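A.B. asks: need the 3D shape of this:
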Amino acid sequence: MPHQVDHTELSRNPAKVIAYNFHTTDKQLPLINMSYYDHHIFFCTNLREDDSSCCGKHGAQNLRDYAKQQCKAIPKGKNIRVNSAGCLNRCDKGPVLVIYPEAIWYSYVDQQDIDEIIERHINRGERVERLIVKD
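C.D. replies: Next comes the predicted model:
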């Protein structure tokens with residue numbers, strides 16, 4: 001029998017991900033720890049060769065590199081990974097990054113935005129509402 005969702009545990013450990021168990025008719029969702037990292041940050045760094053808009057043309061690679069250095073400076077205890085990604089297909093919202101396991105999408109323009117995302121989202125567990133990509 002799968003482990004049932006413990007909302008108290010989930011609030012203490014947001015790195016745990018809820019996944020649906022397709023082999024049960026139970027309406028409760030099992031709690032499955034699917035994330036190796038506390039936070040996994042993907043930066044779209046796609047650079048198109050034509051003159052269409054893309055994250056790579058808005059400094060995404062340099063800001064990803066900056067974020068990686070800032071995350072390395074975070075004291076031990078959090079397992080954080082910063083990766084480049086190909087096109088995340090949100091070109092009109094870019095440059096963009098997405099943080100898992102929360103699946104929160106952010107748009108940013110400079111180092112101050114990256115600093116705020118790291119300080120508030122990564123360090124304090126808060127969403128940076130002004131930078132969240134709205135669908």
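
A.B. asks: which helix or strand lies directly C-terminal to the longest helix seen in the chain?
C.D. replies: In the chain, assigned by DSSP state H, the helix with the most residues is helix 60-72. Next in sequence after helix 60-72, counting helices and strands by DSSP states H and E, comes strand 80-85.

A.B. asks: helices and strands around that next one, which ones?
C.D. replies: strand 39-44, helix 60-72 (3 or more CB pairs under 8 Å, 6 or more residues apart in numbering; DSSP states H and E). All C-beta atoms are positioned from the backbone trio N, CA, C, and that covers glycine.

A.B. asks: may I ask which helix or strand encompasses the residue nearest the centre of the chain?
C.D. replies: Residue closest to the mean C-alpha point of the chain, counted by CA atoms, centre = their mean, is residue 99 at 0.2 Å. Assigned by DSSP H and E, residue 99 belongs to strand 96-100.

A.B. asks: just checking: what are the partner strands of that strand?
C.D. replies: Neighbouring strands of strand 96-100 in its sheet, by DSSP bridges, are strand 39-44 (antiparallel), strand 104-107 (antiparallel).

A.B. asks: off-centre distance for stretch 128-135?
C.D. replies: Relative to the centre of its chain, stretch 128-135 is centred 12 Å away, using CA atoms, centre = their mean, to the nearest Å.

A.B. asks: show residues contacting that stretch.
C.D. replies: Residues outside stretch 128-135 that contact it (CB atoms under 8 Å, 6 or more residues apart in numbering) are 90, 93, 96, 104-108, 113, 116-117, 120-121.

A.B. asks: distance across it, terminal residue to terminal residue?
C.D. replies: Stretch 128-135 has an end-to-end distance of 16 Å (CA to CA, to the nearest Å).
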